[in-house]
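[1] A predicted structure for the sequence below; I have some questions about it.
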Amino acid sequence: MIKIYQEAAKATPQKAAELWTQTGFFAALKDKPKARAHILQMLADNHRMWTTAMDDKYIFPKLASIERLNKIAAPTLVVVGAIDLPDLLAIGKVLDEKIPDSELVVMKDASHHPNLEKPKEFNRILRKFLKNDSGERKNQVLLKQIE
């Protein structure tokens with residue numbers, strides 16, 4: 001994967017996007033042309049961010065994020081795609097274990113962008129999460145926007 005990042009750093013934004021979609025992050029896009037088009041555009045638009053991600057100028061927080069997860073007080077939905085890279089599935093599990101009030105959902109037949117790859121299913125999962133036990137909405141504005 002490092003080779004793809006290095007190649008992409010020298011390429012045009014469109015060529016870089018094509019290279020990145022060849023990685024396991026985007027495995028579910030093969031049969032989803034609409035989602036693939038969105039991802040290609042997103043990657044091309046963010047080419048500069050991706051190519052500088054390995055710069056030595058990046059400043060990491062003093063306390064690693066994993067050490068602060070237990071401080072998250074808001075209910076948290078963690079959504080991962082079942083065919084995303086194994087490391088990212090493991091990160092989803094760690095987030096679920098470390099964040100006190102979290103819920104992990106692994107979406108079947110989705111990779112790195114389940115919200116774009118399976119938008120109807122993703123929105124159903126999100127709507128369910130945003131409703132509390134009594135059926136009242138936790139965030140009516142957000143729910144109205146995704147319905």
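    Happy to help now that I have it.
[2] quick one, helices of the chain?
    Across the chain, reading from the start of the chain, the helices by DSSP state H fall at 2-10, 13-20, 33-45, 47-51, 65-68, 86-98, 114-117, 119-130, 140-146.
[3] now the ones you listed as CSV including distance to residue 108?
    For the C-beta atoms, the positions are set from N, CA and C on the backbone; glycine is no exception. Written out in CSV, the entries for the helices of the chain read as follows (distance: least, C-beta to C-beta, whole Å):
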stretch, distance to residue 108
helix 2-10, 26
helix 13-20, 23
helix 33-45, 15
helix 47-51, 28
helix 65-68, 27
helix 86-98, 13
helix 114-117, 10
helix 119-130, 9
helix 140-146, 21
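[4] which one of these lies nearest to residue 26?
    Closest approach to residue 26 among these is made by helix 33-45 (6.2 Å; C-beta to C-beta).
[5] ok, back up a step: columns mean pLDDT and mean neighbour count on top of the helices of the chain, output as a markdown table?
    As requested, the helices of the chain are arranged in a markdown table below (pLDDT from 0 to 100; neighbours: other C-beta atoms under 10 Å):
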| stretch | mean pLDDT | mean neighbour count |
| --- | --- | --- |
| helix 2-10 | 76 | 13 |
| helix 13-20 | 85 | 18 |
| helix 33-45 | 87 | 16 |
| helix 47-51 | 70 | 14 |
| helix 65-68 | 87 | 11 |
| helix 86-98 | 95 | 14 |
| helix 114-117 | 92 | 22 |
| helix 119-130 | 94 | 15 |
| helix 140-146 | 51 | 11 |
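[6] hmm, residue 22 is touching residue 4, no?
    Yes: with contact defined as C-beta atoms under 8 Å, residue 22 counts as touching residue 4 (6.7 Å).
[7] wait, residue 122 touches residue 114, no?
    Yes: if you go by C-beta under 8 Å, residue 122 and residue 114 touch, sitting 5.4 Å apart.
[8] who touches both of these two?
    79, 107 (C-beta atoms under 8 Å, 6 or more residues apart in numbering).
[9] gap between the two ends of stretch 80-90?
    10 Å (C-alpha to C-alpha, to the nearest Å).
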